[in-house]
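# Provide a 3D model corresponding to the input given below.
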Amino acid sequence: MLSPRSQRHKEVKDSLKATPHPVWVEDMLEALADQWKAAVYAPPIARTLTEPVDPETWGRLIREFFCVVEAFPKYMGLSLAKTTYGQTPRDFLVRDWLIGNIRVEALHVRWYLDWAAGHGISASEVTSHRPCPEVASLFDWLWSVSYRGSLAEAVGAVNYAIEGITGEWSRLVLPAFTTLYGEGSKALMWLSAHANYDDAHPREALEIVKLATTSAEEIRRVQSSIARSLELFERAFRACNASVRAGS
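This is a model prediction of the structure:
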């Protein structure tokens with residue numbers, strides 16, 4: 001039997017099942033399709049589909065992206081501060097969805113450190129790492145849009161864009177890492193979790209974006225925010241790949 005808290009989270013997720021997209025969403029998804037694909041198939045990811053895992057490249061990526069993983073519930077907390085309850089139709093769903101998913105995020109940083117440990121990287125090495133400029137730019141952008149943007153912009157940029165592409169690339173590379181670490185390894189927990197549930201999270205996030213977008217101008221800003229997240233994510237992955245290839 002589910003606890004009242006878990007039951008409520010399930011009810012909220014059920015209430016955010018996919019609905020037909022309005023025309024502006026269809027147009028936005030079409031406009032972003034090439035950028036989305038480029039982010040999902042950034043060089044380290046695409047290479048892992050045809051070659052064994054490159055330990056040096058992925059070690060660099062694990063260290064670099066810890067700052068974003070650790071900050072993820074903080075980004076969502078900033079979005080939560082923008083929500084209302086009972087002031088607009090279904091606004092309570094947005095509030096409750098964010099609260100429930102912030103709770104889910106609590107385990108992710110621990111699983112991420114398990115991934116690092118499985119890759120031979122100590123927790124202190126990860127937590128004390130200073131990210132490269134490209135990853136720092138992504139980190140700063142996500143913080144900025146979560147703090148300064150509208151609720152629709154923030155959820156679009158963070159939960160739809162970043163969680164969406166992370167779910168896709170995690171599914172793509174999971175078989176290679178399973179071969180590397182072995183079936184059932186603790187080092188696979190972070191990748192497995194994102195590969196398994198992040199198809200639902202971005203879909204639910206898009207429903208929230210649809211609920212929270214109220215004007216033609218906001219439609220433009222939402223698309224711009226999602227595009228910026230995709231651009232900076234791809235740039236960060238490419239930078240980590242290039243730095244290893246260059247021997248830095």
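# state the distance from Thr57 to Pro44.
Remark: distance between Thr57 and Pro44 (CB to CB, to the nearest Å) = 5 Å. Just so you know, the C-beta spots here come from the backbone N, C-alpha and C atoms, and that holds for glycine as well.
# tell me, what's touching the two both at once?
By CB atoms under 8 Å, 6 or more residues apart in numbering, Thr57 and Pro44 have these common neighbours: 240-241.
# wait, Ser225 sits on Ser146?
No: judged on CB atoms under 8 Å, Ser225 makes no contact with Ser146 at a distance of 10.1 Å.
# can you give me how far stretch 11-23 is from the chain middle?
19 Å (CA atoms, centre = their mean, to the nearest Å).
# quick one: end-to-end distance for it.
The first and final residues of stretch 11-23 sit 28 Å from each other (CA to CA, to the nearest Å).
# and that stretch, what's its mean pLDDT?
With pLDDT averaged residue by residue, stretch 11-23 scores 83.
# hey, what's in contact with both of Ser225 and Ser146?
Residues touching both Ser225 and Ser146 (CB under 8 Å, 6+ apart) are 154, 157.
# quick one: the helices in the protein?
Ranges of helices in the chain, per DSSP state H, are 4-15, 23-40, 43-48, 55-80, 91-105, 108-118, 123-127, 133-148, 151-155, 163-181, 189-197, 200-212, 216-245.
# mean neighbour count, the ones you listed: which tops it?
Counting by mean count of other CB atoms under 10 Å, helix 151-155 has the highest mean neighbour count of these, with a mean of 28.
# quick one: residues in contact with that one.
Residues contacting helix 151-155 (CB under 8 Å, 6+ apart): 75, 78-79, 82-83, 94, 145-146, 205, 208-209, 212-214, 218, 221-222, 225.
# so what's the residue minimising distance to the centre of the chain up against?
Nearest to the mean C-alpha position of the chain, counting by CA atoms, centre = their mean, stands Glu163 at 2.5 Å. Going by CB under 8 Å, 6+ apart, Glu163 touches 194, 198, 201-202, 205.
# what's the spacing between it and Leu180?
Distance of Glu163 to Leu180, given as CB to CB: 24 Å.
# thinking again about what came up before, check what pLDDT the residue nearest to the centre of the chain gets.
94.
# before we move on, what about the one 5 residues further on?
In this prediction, Glu168 carries a pLDDT score of 95.
# that one touches Val40, doesn't it?
Yes: using CB under 8 Å as the test, Glu168 is close enough to Val40 to be in contact (4.6 Å).
# any stretches of the protein with poor pLDDT?
Applying pLDDT under 70 to the chain picks out residues 1-10, 13-14, 197-199, 242-248.
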